[in-house]
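**Q** Next input, structure requested:
(2 chains)
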Amino acid sequence: MLDVTYIRTHAEDVKQGMRNKGVETPELVDKLLETDEAWRSLVKETDDLRNESNTKARKIGQLMGQGKKDEAQEIIEHTSKLKEEIKQKEEQLDTLKQQREELLLRVPNVPHASVPVGHSEEENEVFKTWGTPGEPEKWQRPHWELVEEQGWIDFERGAKVTGAGFPFYVGPAAKLQRALINYFLNRAAQEGYTELQVPYFVNEESARGTGQIPDKEDMMYEIPRDEFFAIPTAEVPVTNFRRDEIIELEELPLYYTAYTPCWRREAGSYGKDVRGLNRLHQFDKVELVKMVHPDTAYDELESLREYAESLLEELGIPYRTLLMCTGDMGFTQSKKYDLEVWSPAQERWLEVSSCSNFGSFQARRMMLRYRNDEGDTEIVHTLNGSGLALPRVMAAILEIYQQEDGSIAVPEVLQPFMGAETIQAG
RNA sequence: GGAGAGAUGGCUGAGUGGUCGAAAGCGCUCCCCUGCUAAGGGAGUAUACCCCCAUACGGGGUAUCGAGGGUUCGAAUCCCUCUCUCUCCGCCA
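**A** From the prediction side, this is the model:
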């Protein structure tokens, strides 16, 4: 959610941002400002009436205290019309306020000046490439074939027990996954992130806070009986962790990390894109969240990106970093990088991390604030990134570190966690 | 799951229909006093929104005492619904 005052004073920038992102129509801004104007004048009228009513009530109280019942009674008789008026105004006010809110929620975040303008993923900028995306060896197999043959990941039994996209990881694959989680969490701790263990279900307010509702509620699994949502990413509980709080200046910046499973309905996905570990309904991820001073937000985005990149470099996985163009970056972000690893068997890039700056967009909706030098409250800026999403990293390892006999050379940094240098093929 | 108690400002905690956005204490900030320390005195100290004035400062108003609704001229205080917390019992990793 953007600041209305900002929209009022920078209407043209906001409209241009919308055009660049290709969402909604700029007329939305005009309609919003109109509604806002109407709402504000009605607030004034209503508050004035309420003031009158309060003044009278106070007067009555005084008179009663002095035992002047008759005089009090006289005033009381004159209040019924006022009461009715207030009630009417309040109803109108409710409607307008709601309209204003709805319009406001539909205005996307404005892209940062450094973001390339574009309409589709083709116009994303390759920001960085690391390592050599290799040609597949003739014996090198896609990860899904290998894991099925070796019994390391059991998609079929997962489908039996729950459904498609809910695999079992068995033996060495389960251990490899745990090794990655531990590695990522330990590295995040070194980097200054505070580790959180979080609820895996959230209520509607939290989903609203990070913007899954009203925009993307179809992505989430719902537990209607208890009115919970299964988290689609740890971003939701972690960012909401400090919702409705005022953070002292000295506390900033706050870095949080959490490992969680993530559940996504991924409605409408099928075909070869979702084979194996490419896309699942349940997957594991280590998430990174930053709450920072507005002045440092874009620097924090760079360091977040660099940190996520360093994980892939330490694992020896070739990757590239994309700077997302305006049309491909999403509603809530002002700037976003995607990290993609190379899958040699599929000869394609797979997204394993997305690092975003939301500016004040999320925090405003959550009333996540800090107290500045002057003691005034201001909205915190939030960022997040994956550090990293597990399945595709695992897929990359299973392919890149695959040896001719089907065994897997364990990346050096994971060996302490695995207690072995190789995962033997059976 | 059953029975009961409760939810007030950064914290503790008063307040059961009228001048209460809320006593008091603690904490915090500024000032004064004392040669440092301790003690003491004074002032200030919630959040959001609207309006005026004005790009600083300032002034006025509205709302908020867990949330939402209701009664009343007037609600922290009375009524209803919900949420959460605590105690006891049951169950349980």
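
**Q** just checking, residue A:219 touches residue A:266?
**A** Yes. Shown here, residue A:219 and residue A:266 form a contact pair, counting by C-beta atoms under 8 Å, at 7.5 Å. Where you see a C-beta, it was placed from the backbone N, CA and C, and this is true even at glycine.

**Q** same question for the host helix or strand of residue A:286, mean pLDDT?
**A** Using DSSP states H and E, residue A:286 sits in strand A:282-292. On average, the pLDDT along strand A:282-292 is 97.

**Q** Within its sheet, name the partner strands of that strand and how each one runs.
**A** strand A:254-263 (antiparallel), strand A:381-389 (antiparallel) (DSSP bridges).

**Q** RNA strand B: which of the ones you listed is closest?
**A** Closest to RNA strand B of the strands paired with strand A:282-292 is strand A:381-389 (C-beta to the nearest atom of the strand; 15.6 Å).

**Q** What is the next helix or strand after the closest one packed up against?
**A** Downstream of strand A:381-389, the next assigned helix or strand under DSSP H and E is helix A:390-400. Contact here means 3 or more C-beta pairs under 8 Å, 6 or more residues apart in numbering; DSSP states H and E; on that basis helix A:390-400 packs against helix A:143-150, helix A:172-190, strand A:282-292, helix A:297-315, strand A:335-343, strand A:348-359.

**Q** Tell me which residue lies farthest from the centre of chain A.
**A** residue A:70 (62.0 Å; C-alpha atoms, centre = their mean).

**Q** Only C-alpha atoms, please: export the helix or strand hosting that one in PDB.
**A** In the assignment (DSSP H and E), residue A:70 maps to helix A:69-77. Backbone C-alpha positions of helix A:69-77 (Å, rounded to 0.1, in the frame of the first residue of the first chain) are rendered in PDB as follows:
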ATOM      1  CA  LYS A  69     -32.100  18.900  35.700                       C
ATOM      2  CA  ASP A  70     -34.500  21.100  33.800                       C
ATOM      3  CA  GLU A  71     -31.800  22.800  31.800                       C
ATOM      4  CA  ALA A  72     -30.100  19.500  31.000                       C
ATOM      5  CA  GLN A  73     -33.400  18.100  29.900                       C
ATOM      6  CA  GLU A  74     -33.800  20.900  27.500                       C
ATOM      7  CA  ILE A  75     -30.500  20.200  25.800                       C
ATOM      8  CA  ILE A  76     -31.300  16.500  25.600                       C
ATOM      9  CA  GLU A  77     -34.400  17.200  23.700                       C
END
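
**Q** buried sites along that helix?
**A** residue A:72 (16 or more other C-beta atoms under 10 Å).

**Q** From the chain's centroid, how far away is that helix?
**A** Here the centre of helix A:69-77 is set off from its chain's centre by 57 Å, with C-alpha atoms, centre = their mean, to the nearest Å.
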